[in-house]
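1. Curious how this folds, go ahead:
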Amino acid sequence: MAVELNLLPDKKRDLSPADEGLGKNLQKISFIILFVTVVAGVAVFTIGQGVAFQKADLEKKNTNLVNVITGYREREILLVLLKQKVLGLKTVLTLRPDLAKEMAIIKSSLPLGAQIQGFTGDKSGVINVDLLVDNSETLDRLVTAFSKNNRYSKALVTDLSGNPTDGYKFTLMLTAKEGSWL
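-> Residues are numbered from 1 along each chain as shown. Now for the predicted structure:
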């Protein structure tokens, strides 16, 4: 068995000059393709890592924002409830002097033999006065007086009970005229 060895350098081999130029050109093209592939791979990897870091950062910011919004929602609910309580207190505080004034006016308008048992009112201008009168004449004078009063658009008797000997217990529902006391 015979083995042939070519110990001559590459330049000394039998290649035509066209073959040698083609080989060099193929080497250059292969090197350029390899270089472009490596650069593209590095670019894709770098961009992918940047996008992954941005995604993680955005998810963290999103979670923080959701937590902040949830915290603000709870605070907002508490503030709305507090506002409702403050408005309720304001209504009560502004209503109380008007009702006290109105009760004084009603009390001064009562004929002899009439007593106030209870008194309620609201911002809508409806006042309920629980009264006790001695007789039917006092009841008639009382209802007539409040019906003709310029402060009230209506004076209705409700929940009438009693008898001529013990007196009459009833509720007088007075509806304020627009702007008369509210």
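2. how does the protein divide into domains?
-> As assigned by automatic domain parsing, the chain contains the domains 19-96, 110-176.
3. tell me how far the ends of the shortest one are from each other?
-> Between the opening and closing residues of domain 110-176 we find a distance of 17 Å, counting by CA to CA, to the nearest Å.
4. Run through the strands of this structure in chain order.
-> 114-121, 126-133, 152-163, 167-176 (DSSP state E).
5. Adding distance to residue 104 and mean neighbour count, write these out as TSV.
-> All C-beta atoms are positioned from the backbone trio N, CA, C, and that covers glycine. TSV is the format used below for the strands of the chain (distance: least, CB to CB, whole Å; neighbours: other CB atoms under 10 Å):
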stretch	distance to residue 104	mean neighbour count
strand 114-121	11	15
strand 126-133	12	19
strand 152-163	15	13
strand 167-176	14	18
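6. need the ones you listed in CSV with distance to residue 75 and mean pLDDT, can you?
-> As requested, the strands of the chain are exported to CSV (distance: least, CB to CB, whole Å; pLDDT from 0 to 100):
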stretch, distance to residue 75, mean pLDDT
strand 114-121, 36, 86
strand 126-133, 37, 88
strand 152-163, 45, 84
strand 167-176, 40, 87
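7. closest to residue 4 out of the ones you listed?
-> strand 126-133 (124.4 Å; CB to CB).
8. can you list contacts of that closest one?
-> 99, 102, 106, 110, 113-121, 139, 142, 167-176 (CB atoms under 8 Å, 6 or more residues apart in numbering).
9. how far off strand 152-163 does that strand point, in degrees?
-> 30 degrees (axes from the mean of the first three to the mean of the last three CA atoms, to 10 degrees).
10. what separates strand 126-133 from the chain centre, distance-wise?
-> 41 Å (CA atoms, centre = their mean, to the nearest Å).
11. got the CA coordinates for that strand in PDB?
-> What follows is strand 126-133, C-alpha atoms only, in PDB (Å, rounded to 0.1, in the frame of the first residue of the first chain):
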ATOM      1  CA  VAL A 126     -92.500  69.000  56.700                       C
ATOM      2  CA  ILE A 127     -93.000  69.400  60.500                       C
ATOM      3  CA  ASN A 128     -94.900  66.900  62.600                       C
ATOM      4  CA  VAL A 129     -96.100  68.200  65.900                       C
ATOM      5  CA  ASP A 130     -97.700  65.700  68.400                       C
ATOM      6  CA  LEU A 131    -100.300  67.700  70.300                       C
ATOM      7  CA  LEU A 132    -102.700  67.100  73.200                       C
ATOM      8  CA  VAL A 133    -105.800  69.400  73.400                       C
END
